[in-house]
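Student: take this sequence and fold it.
(2 chains)
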Amino acid sequence: MTLRLFNTLSGQLDEVLPADGVALRMYACGPTVYDYGHIGNFRTFLQVDMLRRALRLFGVPVRHVMNITDVDDKIIRNAAASGVSIADYTPRFEQAFLDDLKSLGVEMPEVLSRATEHIPQMVRLVERLAEAGAAYMAEDGNWYFRLKAFPEYGKLSKKDLEGISDGARVDVDEYERDSARDFALWKATKPGETGWETAIGRGRPGWHLECSAMAMEYLGESFDLHAGGEDLMFPHHENEIAQSESATGKLFARHWFHVRFLLVNGRKMSKSEGNFFTLRDLLLKGYKASAIRLALISVPYRHQLNFTFDGLVEATSAIDRLRTFATRLRAANLETGATVAGSAAASRAHEEFLAALANDLNTAEARAAIFELVREGNIALDAGLLRAEDRDAMLRALATFDSVFAVLTDNDAAPTRAAIEWASENGKLDQVAPELLAAQSLTDAEIDARIEERNLARRQRNFRRADQIRDELAALGILIEDGRDGVRWKHK
RNA sequence: GGCGCGGUACCCAAGUGGUAAGGGAGAGGUCUGCAAAACCUUUAUGCGUCGGUUCGAUCCCGACCCGCGCCUCCA
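Tutor: Predicted structure coming up:
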């Protein structure tokens, strides 16, 4: 099966295959490390993660490059406000970002590239553009891209060059430029300001330049797929295309993958709306990393996702259902052999799952295919009809599901613990949900001791005492479940 | 103003020119000292409104209403 994805450039579903027949070369615009990542950022990175996992599932090796923008206006502003250089300011946020990706189960790209480590490549690109007559230095020392040099400008975002100024705010006072729409490649800086001494003058890169230079550095002048949030389509990606193709004369990226913005409580996320959340905010409120991951990937990437706390609760329950089923399957004592119904259910789930992903990464439909399997498997288990080979086939279907969704294995404790530690180190303990904090205060051994005490009370049929202990633990966020084969507990 | 997306049950959310996936929540049931958990069953004559095309439309076309996004730093 081949993955077909919507391509912003062609405006249709295109098959995603490596042009060189070896590995799919993809570039994804990464974060600007000036602050902690928010869930909007992570929806995009998570969907790119789904894409690379799906490609691998379809047998396509991936060479994935992600940039880290570690120099830009906001970084310079924030670093200055903190009284440190940008080199001292950004590592903390870069590490936080990478930690957050790990918490969410996002795989690391094959290459991480920092803008500040590729200044020579960027300078060379400006020089090439200047030679081609597509770049010029203005009186202010800034280098600009000459839009008139690239007639195809607007082909990605389907914008008419003439229409761009309509209603858009264009700084008409920038008289140094040939055209108000020419964009900055390189910004001149004065000594003392953040900058590099280079052949094209002292300065720092414009935002768009870094992606072109680094994509070409690691993937070549022409590569398979370029990904990013929908907001980057214009002007960022349009500018990348203009710069790159003007310099090389080659098609920059064949396929453009854009992830739609999410909404939070029905509105665009913004600090002023009060609906702005970082991953850490959510972990500290007690939501599990796996639930956040599932909530952010369950709506297909081209659809607007409305992110809510209710959605996180739902995702939590959905994951419990999946994990319980997997556990139940593994623990079941089954006769050897297979049944027609059991095998059919497993293979159909498997096929429907793959078909859904192949169809423009329809994660909602893919998820549904697996939940149908859960229901059918549970019914067969209840009826005692499932055989060992059916079970194995179902476990394989679940494994396939999880190779892309990655929510089945419970790795939730570590991110939560790390978030609490982080809050503690940064004076934010007041933001931690009380139950979460209370639960952390008890060691597992202490919990086990309390449960043993309760078991004793139960054996003596002292149910008042037993219920009292259960309530006390519940107040600390520990849920007790009496099962046939012993007592289990879990964090709420 | 230009470009684009969406309106499907209590909530989230797929989908198809032939009669509505899945998840959550609610209700009922099994199990249990009780509870929880788990499991099963169940919940839209209906897919924003009004027209049109068609044997037949939620799905196609048109108009309208509503919500949202991009066009400016932004994932």
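Student: which residues touch A:Leu408?
Tutor: Taking Cβ atoms under 8 Å, 6 or more residues apart in numbering, we find A:Leu408 in contact with A:319, A:322-323, A:326, A:398, A:401-402. (Glycine included, C-beta is placed from N, CA and C.)
Student: how about it, secondary structure?
Tutor: Applying DSSP: H, G, I helix; E, B strand; the rest coil to A:Leu408 yields a three-state assignment of coil.
Student: give me the pLDDT for it.
Tutor: Looking at A:Leu408, its pLDDT is 96.
Student: for it, give its distance to A:Val106.
Tutor: 16 Å (Cβ to Cβ, to the nearest Å).
Student: A:Gly266 now?
Tutor: From A:Gly266 to A:Val106 the distance is 26 Å (Cβ to Cβ).
Student: in terms of neighbours, single out the busier of these two.
Tutor: Neighbour count, other Cβ atoms under 10 Å: between A:Gly266 and A:Val106, A:Val106 has more, with 20 against 10.
Student: separation between the more buried one and A:Leu294?
Tutor: Separation of A:Val106 from A:Leu294 (Cβ to Cβ): 13 Å.
Student: do A:Thr316 as well
Tutor: 8 Å.
Student: check A:Leu185 too.
Tutor: Relative to A:Leu294, A:Leu185 is positioned 41 Å away (Cβ to Cβ).
Student: more crowded one of the two?
Tutor: Taking other Cβ under 10 Å, A:Leu185 and A:Leu294 do not tie; A:Leu185 has more neighbours (29 against 25).
Student: same question for stretch A:209-228: list its buried residues.
Tutor: Across stretch A:209-228, burial judged by 16 or more other Cβ atoms under 10 Å covers A:209-219, A:222-228.
Student: how about stretch A:77-97?
Tutor: The neighbour-count check on stretch A:77-97 (16+ other Cβ under 10 Å) flags A:78-79, A:86, A:89-90, A:93-94, A:96-97 as buried.
Student: look at it and report the distance between its end residues.
Tutor: 19 Å (Cα to Cα, to the nearest Å).
Student: so which residues make contact with it?
Tutor: By Cβ under 8 Å, 6+ apart, the list of residues contacting stretch A:77-97 reads A:31, A:33-37, A:68, A:70-71, A:75-76, A:114, A:116, A:194.
Student: do it and RNA strand B meet at all?
Tutor: No. Using Cβ under 7 Å from any atom of the strand, stretch A:77-97 stays clear of RNA strand B, coming no nearer than 10.1 Å.
Student: for that stretch, what is the average pLDDT?
Tutor: Here the average pLDDT along stretch A:77-97 is 95.
Student: distance from that stretch to the middle of the chain?
Tutor: Centroid displacement of stretch A:77-97 relative to its chain, using Cα atoms, centre = their mean, to the nearest Å, is 22 Å.
Student: got it, and stretch A:52-66?
Tutor: With Cα atoms, centre = their mean, you get 15 Å for stretch A:52-66.
Student: so which bits of it are buried?
Tutor: Neighbour counts over stretch A:52-66 (16+ other Cβ under 10 Å) mark A:52-55, A:57, A:60, A:62-66 as buried.
Student: of the residues you listed, which is the nearest to A:Thr336?
Tutor: A:Leu57 (29.4 Å; Cβ to Cβ).
Student: follow-up on the earlier one: tell me which entries of the buried residues of stretch A:52-66 lie within helices.
Tutor: A:52-55, A:57 (DSSP state H).
Student: about what we covered before: ok, and which of the contacts of stretch A:77-97 reach RNA strand B?
Tutor: Answer for the contacts of stretch A:77-97 near RNA strand B (Cβ under 7 Å from any atom of the strand): A:Pro31.
Student: packing partners of the top helix by length along chain A?
Tutor: For chain A, the longest helix by residue count, based on DSSP H, is helix A:309-331. If you count contacts as 3 or more Cβ pairs under 8 Å, 6 or more residues apart in numbering; DSSP states H and E, helix A:309-331 packs onto helix A:289-297, helix A:363-383, helix A:388-405.
Student: can you rerun that using 6 Å?
Tutor: Under the contact definition 3 or more Cβ pairs under 6 Å, 6 or more residues apart in numbering; DSSP states H and E, helix A:309-331 sits against helix A:289-297, helix A:388-405.
Student: what parts of the stretch 351-492 of chain A come near RNA strand B?
Tutor: Residues of the stretch 351-492 of chain A lying close to RNA strand B (Cβ under 7 Å from any atom of the strand) are A:359, A:362, A:364-365, A:367-368, A:371-372, A:374-375, A:378-379, A:382, A:458, A:463, A:466-467, A:470, A:479-483.
Student: quick one, which of those are buried?
Tutor: Using 16+ other Cβ under 10 Å, the buried members of those are A:359, A:362, A:365, A:367-368, A:374, A:378, A:458, A:466, A:470, A:480.
Student: which member of those residues is positioned nearest A:Gln304?
Tutor: The closest of those, once distances to A:Gln304 are taken by Cβ to Cβ, is A:Asn362, at 15.2 Å.
Student: distance of the spatially closest residue to the closest one that is not a sequence neighbour relative to A:Ser317?
Tutor: Once flanking residues are discounted, A:Asn362 sits nearest to A:Ala356: 4.5 Å by Cβ to Cβ, 6 or more residues apart in numbering. Here A:Ala356 is placed at a distance of 22 Å from A:Ser317 (Cβ to Cβ).
Student: neighbour count winner among these two?
Tutor: Legend: neighbour count by other Cβ under 10 Å for A:Ala356 and A:Ser317, higher for A:Ala356 (20 against 11).
Student: secondary structure element for that one?
Tutor: Element membership for A:Ala356, per DSSP states H and E: helix A:340-358.
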